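Asker: Make a model of this:
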Amino acid sequence: MEKSFQAVQWLIERYQKVAMAGIIFAFAFPFVTTGILWLDRSGYFENVYQEDHNRLQRNVSGLDNRLADMWIQTKGQLDKQTLQLEINHGLIRDGNFYQQRTCVNTATTREEREICLQRAPRR
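Answerer: Here you go, the predicted model:
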């Protein structure tokens, strides 16, 4: 028994530094891995998914800018056409009014004048 105890004591003394390093590593392992996983989760390490996400975000923001520009151009064209439509409606209305007045003024009989007034445009 004494010899086996001395053999164990000799092993402990001989490999004491290695054993301490192993024990420290065993106890520190959860903290180190937790730290590494937390850094990975918080984005400290660039991974494939983050690169894809950043690329997609850049593409989407560029698309948003292009769509906003297209909307501004389309809205400008729509406003321009609406204004032109209002002008055209005014011109047509005025043209119809003057055509009706001309018809009345050039009518030779009372019946012709009445026909012109019946077709009078609404203002």
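
Asker: and the longest helix along the chain, what does it pack onto?
Answerer: Looking across the chain with DSSP state H, the single longest helix is helix 48-106. Packed against helix 48-106 by the contact rule (3 or more Cβ pairs under 8 Å, 6 or more residues apart in numbering; DSSP states H and E) you find helix 110-118. Every C-beta, even on glycine, is put in place using the N, C-alpha and C of the backbone.

Asker: Buried residues of the helix it packs on, list them for me.
Answerer: With burial defined by 16 or more other Cβ atoms under 10 Å, the residues of helix 110-118 counted as buried are Cys116.

Asker: Grab the most central residue of the chain for me.
Answerer: Asp64 (5.0 Å; Cα atoms, centre = their mean).

Asker: What separation is there between that one and Trp71?
Answerer: Summarising the geometry, the distance separating Asp64 from Trp71, computed by Cβ to Cβ, to the nearest Å, is 10 Å.

Asker: So for those two, which residues contact both of them?
Answerer: When Cβ atoms under 8 Å, 6 or more residues apart in numbering defines a contact, no residue borders Asp64 and Trp71 alike.

Asker: any low-confidence regions in the protein?
Answerer: Under the criterion of pLDDT under 70, the regions of the chain flagged as low confidence span 120-123.

Asker: which residue lies farthest from the center of it?
Answerer: Distance from the centre of the chain peaks at Glu2, with 78.9 Å (Cα atoms, centre = their mean).

Asker: The nearest residue to Asn47 once chain neighbours are set aside and Thr33, how far apart?
Answerer: Counting by Cβ to Cβ, 6 or more residues apart in numbering, Asp40 is the residue found nearest to Asn47 once chain neighbours are left out, at 7.2 Å. Asp40 is 10 Å from Thr33, where distance means Cβ to Cβ.

Asker: Looking at these two, which is more packed in?
Answerer: Asp40 (13 against 10; other Cβ atoms under 10 Å).
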